[in-house]
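**Q** Please work out how this folds:
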Amino acid sequence: MTPSPAHAAAVDTLDGIAAACVFLSNLLLRPEAGARLAETLDADTARQWPLRGNSDITAGVQVLLDALAAEVPAADLEADYDRLFVGPGPMLACPYESVHRSREGLTFEAETLQVRMSYAAFGLRAPAFNKEPDDHLGL
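**A** Numbering: from 1, shown residues only. Model prediction:
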């Protein structure tokens, strides 16, 4: 049975979303990923971003292209990652959902456990179970 054009389009869209999520997850979870990406990703490949049709996506691809053209040193990229997601000091872009949704702004609150239960419903578990919060944006 040949899939309908609508089915094929839906599959292509889901494949594009999955590819974008894997790409972004890698950048969010690994401090060295930005530097490695800057060394290996070329502008032609970046222009093939798997999602299309939205001005925000087009703008995001342009930001990626501009970053590649800037040729920022690896140490600067890792320092940016630390400022955003690690510290010292307050994280500029805390990657944990619970920090943004809980009243106290803490991790391992009810919001983290809700994410944990969602994973469990699909037979999944966060890789650093009970060591790092399950609700990291990269996961």
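**Q** okay, now the closest residue to Glu32 other than its chain neighbours: neighbour count?
**A** In space, Glu32 comes closest to Glu78 once its chain neighbours are excluded; the distance is 6.8 Å by CB to CB, 6 or more residues apart in numbering. In short, each C-beta sits where N, CA and C put it, glycine included. Neighbourhood size, Glu78 [other CB atoms under 10 Å]: 16.
**Q** same check, this time on Ser25
**A** 15.
**Q** which parts of the helix or strand in which it is found are buried?
**A** Using DSSP states H and E, Ser25 maps to helix 5-29. For helix 5-29, burial by neighbour count (16 or more other CB atoms under 10 Å) applies to Phe23, Leu28.
**Q** what about the nearest residue to Tyr81 once chain neighbours are set aside, distance to Ile17?
**A** Leaving aside its sequence neighbours, Tyr81 sits nearest to Pro31 (CB to CB, 6+ apart; 4.7 Å). Note on Pro31: its distance to Ile17, by CB to CB, to the nearest Å, is 25 Å.
**Q** Now tell me what touches the helix holding Ser25 from outside.
**A** By CB atoms under 8 Å, 6 or more residues apart in numbering, the residues outside helix 5-29 that reach it are 3, 33-34, 37, 49-52, 85, 95, 136-139.
**Q** what is the mean pLDDT for that helix?
**A** Average pLDDT, helix 5-29: 90.
**Q** Equivalent analysis for stretch 115-122, please.
**A** 96.
**Q** Tell me which residues of it come out buried.
**A** Within stretch 115-122, judged by 16+ other CB under 10 Å, the buried ones are Val115, Arg116.
**Q** re earlier: how about the contacts made by the residue nearest to Tyr81?
**A** Contacts of Pro31 (CB under 8 Å, 6+ apart): Glu78, Tyr81, Asp82, Phe85, Val86.
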